[in-house]
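*Asks:* please work out how this folds:
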Amino acid sequence: MPLYNPAGAIPAGATTGGALTVAGNLTATGGDVIIGTAGKGLQVKTGANAKAGIGTLSSGTATVATTAVTANSLIFVTDVDATIGNTGYLAVSSKTAGVGFTVASSFGTDAGTFNWMIVEGI
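*Replies:* Below you'll find the model as predicted:
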């Protein structure tokens, strides 16, 4: 069965033995996106104005500049500093659509690093 048909939809049950590249949005309606092989997963490009990256705290705060932030953005942060005694709990303390967000630590002198990722709520 072809993966693409003239109507522009991918037929139900269609498969491909290689990569599927889509120019534009890929929308799954009525189902989930499933990664069915252990060791495989979601890959997100990092860099300027990205949806994911690494930040560094200075005196317990960090500002991440990315135009990818929207009013509906869900921003996840994870501490990756191995110095447990010098890190605090991390939280997104503010966000501004089209500009970026600020991360604050409960430990005022925290200078650790963190990973961050933005997911859009719909």
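*Asks:* so what's Gly108 up against?
*Replies:* Applying Cβ atoms under 8 Å, 6 or more residues apart in numbering, we find Gly108 in contact with 59-60, 88. Where C-beta positions appear, they are placed from N, C-alpha and C, glycine not excepted.
*Asks:* pipe those residues into TSV and attach secondary structure and pLDDT per row.
*Replies:* Listed next are the contacts of Gly108 as TSV, based on DSSP: H, G, I helix; E, B strand; the rest coil; pLDDT from 0 to 100:
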residue	secondary structure	pLDDT
Ser59	coil	94
Gly60	coil	93
Gly88	coil	82
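*Asks:* what subset of the residues you listed is buried?
*Replies:* Taking 16 or more other Cβ atoms under 10 Å as the criterion, what is buried in these is 60, 88.
*Asks:* neighbours of the residue nearest to Thr46 when sequence neighbours are not counted, how many?
*Replies:* Once flanking residues are discounted, Thr46 sits nearest to Gly53: 4.8 Å by Cβ to Cβ, 6 or more residues apart in numbering. Using other Cβ atoms under 10 Å, Gly53 is surrounded by 19 other residues.
*Asks:* so is Gly53 in a helix, a strand, or just coil?
*Replies:* strand (DSSP: H, G, I helix; E, B strand; the rest coil).
*Asks:* beta partners for it?
*Replies:* Counting by DSSP bridges, Gly53 is bridged to Trp116.
*Asks:* just Thr102 next, same as before
*Replies:* Thr63, Ser94.
*Asks:* so it touches Leu90, yeah?
*Replies:* No: contact criterion Cβ atoms under 8 Å: Thr102 and Leu90 do not qualify, at 11.0 Å.
*Asks:* so which of these two has more stuff around it?
*Replies:* Legend: neighbour count by other Cβ under 10 Å for Thr102 and Leu90, higher for Leu90 (24 against 15).
*Asks:* contacting residues around the closest residue to that one other than its chain neighbours?
*Replies:* Spatial nearest neighbour of Leu90, excluding adjacent residues (Cβ to Cβ, 6+ apart): Val77 at 4.8 Å. Counting by Cβ under 8 Å, 6+ apart, Val77 touches 55, 90-92, 103, 114-116.
*Asks:* is Val77 within a helix or a strand, and which one?
*Replies:* strand 73-79 (DSSP states H and E).
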